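Chemist: Quick one, fold the following:
(2 chains)
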2 protein chains.
Amino acid sequence: MAKSENETPAPIRPVPRLPKGFRDISAAEIREQQAMLGKIRGVYERYGFEPLETPAIEYTDALGKFLPDQDRPNEGVFSFQDEDEQWLSLRYDLTAPLARFVAENFDKLPKPFRRYATGSVFRNEKPGPGRFRQFTQFDADTVGAESIAADAEMCMLAADTLEALGIPRGDYVIKVNNRKVLDGVLELAGIDPASPSDAARRLTVLRAMDKFDKFGVGGVALLLGKGRKDESGDFTPGANLAPDAIAKITGFLSASEGDREGAIARVMPTIDGNERATNGMDELRQMSDMVRASGYGPNQIAFDTSVVRGLEYYTGPVFEAELLFEVKNEDGQTVRFGSVGGGGRYDDLVARFTGQKVPATGFSIGVSRLQAALASLGKKSSDTLGPVVVLVMDKGEVAAYQKITQTLRAAGIRAEMYLGSAGMKAQMKYADKRGSPLVVIQGSDERAKGEVTLKDLIEGAKAAAAIKDNKEWKEARPAQLAVPETDLVAKVREILARHET
Amino acid sequence: MAKSENETPAPIRPVPRLPKGFRDISAAEIREQQAMLGKIRGVYERYGFEPLETPAIEYTDALGKFLPDQDRPNEGVFSFQDEDEQWLSLRYDLTAPLARFVAENFDKLPKPFRRYATGSVFRNEKPGPGRFRQFTQFDADTVGAESIAADAEMCMLAADTLEALGIPRGDYVIKVNNRKVLDGVLELAGIDPASPSDAARRLTVLRAMDKFDKFGVGGVALLLGKGRKDESGDFTPGANLAPDAIAKITGFLSASEGDREGAIARVMPTIDGNERATNGMDELRQMSDMVRASGYGPNQIAFDTSVVRGLEYYTGPVFEAELLFEVKNEDGQTVRFGSVGGGGRYDDLVARFTGQKVPATGFSIGVSRLQAALASLGKKSSDTLGPVVVLVMDKGEVAAYQKITQTLRAAGIRAEMYLGSAGMKAQMKYADKRGSPLVVIQGSDERAKGEVTLKDLIEGAKAAAAIKDNKEWKEARPAQLAVPETDLVAKVREILARHET
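Modeler: Next up, the predicted model:
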């Protein structure tokens, strides 16, 4: 057999890559996130919530996204079949698994049941700038409390959380509305919020109302009527409401504008005595009384009847945590940072399982988005120093260098021995790349004298910038210090103390 | 139309349940785990590792479990297709995603690259007692270091981690072996460790050697020969080796038994000068010298040539972190707790992508299993007190109770207002179920006087146990204290200080 025939074919090598919408998170961002999650956890704990962790995988029907007229779970959710052919899904939020947990353990739980949870959630959606298919949420929920006080508490929790993260009062606001008010206004416009046949039109109208901030009365009126063409020429079909119905809705929206504290009073006449809306306004007034009595001003928690908030399942008060400071968006335009979290009352989620209404309310933070906000505010905890690097000057003495390293670690000092095979220069480059504050050097001369040399890299970099002459540099050897091996820990601590902030 | 025909059918309600092999984690366990992860992180950081987070979802081919002769990813992995029909999988460990990350970012990374990572991994396997389909690992890896010092360091890291978690010296051991030694012994027995046609037999032999602890020389000899029937009558087919080949292997295994420090010397004659094995023994000796020089004794890190350790991809030193204390297993038998983590050198994982060999070594902890070990050792951090509960005595005054609650929270005290609708007795039961140390009560009399009553539930429970007479109880009202509202925070702090440990 010829040699060429005997050769094994070149193996097919996979390309190292991530699916779109997924990302690796770097050390600096992880450390920031850890610090942030710790602060959020601190506030949630202070409010008396208990941690709960549910798995990332649930039965699709338990998460409630399985449409009966399809043989596959619907889009937006990552789903796959178990060995027994039952459909499983990755959780798309932390609320649906909570409803499953409460329904499953109802009798055992204290009532109300108050839990917080954080973890990855997954959306099988088209990713975009800042929109990922895996991201982290941090939720608090109170299940089994009908009292509007539970909703008021969520708003105070949201405000306290943002302030604990260092967002100054005035740079955020928790906007509060009530779905009952919106549904009442829909009734006034001739749409039955409870009728399945009106469901699609209801969504179109709510979506139009949600654009009030952006398009104003004129734009919303178009979206409620025949439709609206935007600047690029794209046409959004409208809800085809009659002119008087449109007027009812835009009148309501206009009344919600202006001085925040007066909004509730201004809106009242526009709801025309509708029972549902009046009931909702009454709840908003109660919430307002409660949060004001606890000392939260309109610059922290504001009542804004134009807030819609997307998710289908809300049934009462809804809240949106908005950051008010401005940033540049991807197109270079200056925009308000916008929503970093929200929530509301959902009284029907547990009933999906049990048939029994279990009133519930919750608040959820989008962790990465809030982290991006903190970064753009310049709220960064100080940079972590890299480890002390013990250089390997003599490969025959690795055990001795490792012992030096272990001595530092045993003293609680972050340290590592250089583990590659390169020479002195490359080792110094490595230490630099790792952000090391100092390196430990022991050549044969130093070992004979029982000494080590400590080289302060931060001081050294400053000195190098000041000294231009190479000869002068070599003579001065700035930021370099020979110490007896027995003083190693004490001297390293001294240098680190100079650089820790 | 008759009314009965007009009724909507009863909705089909999903059963609230989890798929098998998944579980909810309770507050107490989450708190223990947080504390534990913090301690592990502390040690890993001290060793100079940097955190890295990769997503839960990767391309199946990048994780390397896609068998070319199947049109679906193989079993053991949760997989599903993306919109573009490419296969995605949930990560089954943290090492395969690291290899993808390193291959993808090779030029940018400092070399060696040292990272730690923790997170959920997923196995689509049959669950059993203590075996879940989602669990947490905590890994440290050094990529790009050929030096055996990197492996020695992993063993010291493992020992330091277990001790940082409070496992006493003597209750654990890091067992170290080298795949090269095992492969050399296989060569002596006539099996080519590099030949694909010998791959199945190699696995059978390694699996048999792994049973040495359990079955001894006799049992292993049967598994290497014709096979072994166990007590229940189940027959395990053997590797069908010839008697002299079996003798080589059992001779090697027997030599590894006994005094740990002498194991390397005792094993040497049994490897018969085989080059591969000699090379492996040499590495073991170097590792031994290094860890001993750094002060780690054989009661911490021991060299045991009978250790196999499962995963296919190891190419050099392998380590197993074993807990030596005894516990009862599910069948009520007393057994050693066993492995809580392990790792080893894998020089081929990055080469899957790049073709270029990148030497690497790592250590991985099974977090839940280690947590179970700590629990059975009685290593629990103190129980967290529940929140202070502010009772609602008068529903018209909810805003006032909420203000009291916010005052406590603002002072950093964990507190909540009762948010349900039940009466006084049920509210006290709720406080009890939440583990509250005290409740705050304000009835109309107290409000008129500007006072609140603090009821110490922990003290109260003790007093109740001592007082039998109901009348005496009512008169004494033990552990109950009326204080001016202005002293609320100070007095609550006083009571909490008595109960915090």
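
Chemist: ranges for the helices of the stretch 251-400 of chain A?
Modeler: Ranges of helices within the stretch 251-400 of chain A are A:263-267, A:275-293, A:351-354, A:367-376, A:398-410, based on DSSP state H, counting those that start in this stretch.

Chemist: List the contacts of the closest residue to chain B within the stretch 1-150 of chain A.
Modeler: When scored by CB to the nearest CB, the stretch 1-150 of chain A has A:Gly48 as its residue closest to chain B, at 3.2 Å. The C-beta positions use only the backbone N, C-alpha and C, and glycine is treated the same way. By CB atoms under 8 Å, 6 or more residues apart in numbering or on different chains, the residues touching A:Gly48 are A:Arg114, B:Gly386, B:Pro387, B:Val388, B:Val389, B:Arg414, B:Ala415, B:Glu416, B:Arg434.

Chemist: Check A:Asp272 too.
Modeler: By CB under 8 Å, 6+ apart, the contact set of A:Asp272 is A:Leu188, A:Lys248.

Chemist: Ramachandran coordinates for it?
Modeler: Dihedral pair for A:Asp272: phi 60, psi 30, per degrees, to the nearest 10.

Chemist: doesn't A:Phe319 make contact with A:Val173?
Modeler: No - applying CB atoms under 8 Å, one finds A:Val173 not in contact with A:Phe319, separated by 10.4 Å.

Chemist: the more surrounded of these two?
Modeler: A:Phe319 (28 against 22; other CB atoms under 10 Å in any protein chain shown).

Chemist: who's in contact with the more buried one?
Modeler: A:151, A:154-155, A:158, A:174-177, A:307, A:309, A:342-344, A:363.

Chemist: Name whatever forms a beta bridge with it.
Modeler: Beta bridges link A:Phe319 to A:Val176, A:Gly343, judged by DSSP bridges.

Chemist: any idea how far the residue of the stretch 1-150 of chain A closest to chain B lies from A:Leu349?
Modeler: Distance of A:Gly48 to A:Leu349, computed by CB to CB, to the nearest Å: 21 Å.

Chemist: Could I get the helices of the stretch 251-400 of chain A in TSV, plus columns for distance to B:Arg292, mean pLDDT and mean neighbour count?
Modeler: Formatted as TSV, the helices of the stretch 251-400 of chain A follow (distance: least, CB to CB, whole Å; pLDDT from 0 to 100; neighbours: other CB atoms under 10 Å in any protein chain shown):
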stretch	distance to B:Arg292	mean pLDDT	mean neighbour count
helix A:263-267	75	86	19
helix A:275-293	65	94	20
helix A:351-354	60	92	18
helix A:367-376	45	89	19
helix A:398-410	8	94	21
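
Chemist: rewinding a little: got the confidence number for the residue of the stretch 1-150 of chain A closest to chain B?
Modeler: Looking at A:Gly48, its pLDDT stands at 94.

Chemist: ok, now how distant is it from B:Ile458?
Modeler: 17 Å.

Chemist: A:Tyr44 now?
Modeler: 24 Å.

Chemist: again, but for A:Val205
Modeler: In terms of CB to CB, A:Val205 sits 55 Å off from B:Ile458.

Chemist: Give me the more crowded residue out of those two.
Modeler: For A:Val205 versus B:Ile458, neighbours defined as other CB under 10 Å are more numerous around A:Val205 (27 against 16).

Chemist: related to what we said a few turns ago, may I see the contacts of A:Phe319 organised as JSON lines, with pLDDT and neighbour count added?
Modeler: JSON lines is the format used below for the contacts of A:Phe319 (pLDDT from 0 to 100; neighbours: other CB atoms under 10 Å in any protein chain shown):
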{"residue": "A:Asp151", "pLDDT": "97", "neighbour count": "29"}
{"residue": "A:Met154", "pLDDT": "97", "neighbour count": "27"}
{"residue": "A:Cys155", "pLDDT": "97", "neighbour count": "26"}
{"residue": "A:Ala158", "pLDDT": "97", "neighbour count": "28"}
{"residue": "A:Ile174", "pLDDT": "97", "neighbour count": "27"}
{"residue": "A:Lys175", "pLDDT": "95", "neighbour count": "21"}
{"residue": "A:Val176", "pLDDT": "95", "neighbour count": "26"}
{"residue": "A:Asn177", "pLDDT": "93", "neighbour count": "25"}
{"residue": "A:Val307", "pLDDT": "86", "neighbour count": "26"}
{"residue": "A:Arg309", "pLDDT": "75", "neighbour count": "18"}
{"residue": "A:Gly342", "pLDDT": "94", "neighbour count": "24"}
{"residue": "A:Gly343", "pLDDT": "94", "neighbour count": "28"}
{"residue": "A:Gly344", "pLDDT": "94", "neighbour count": "26"}
{"residue": "A:Phe363", "pLDDT": "96", "neighbour count": "25"}
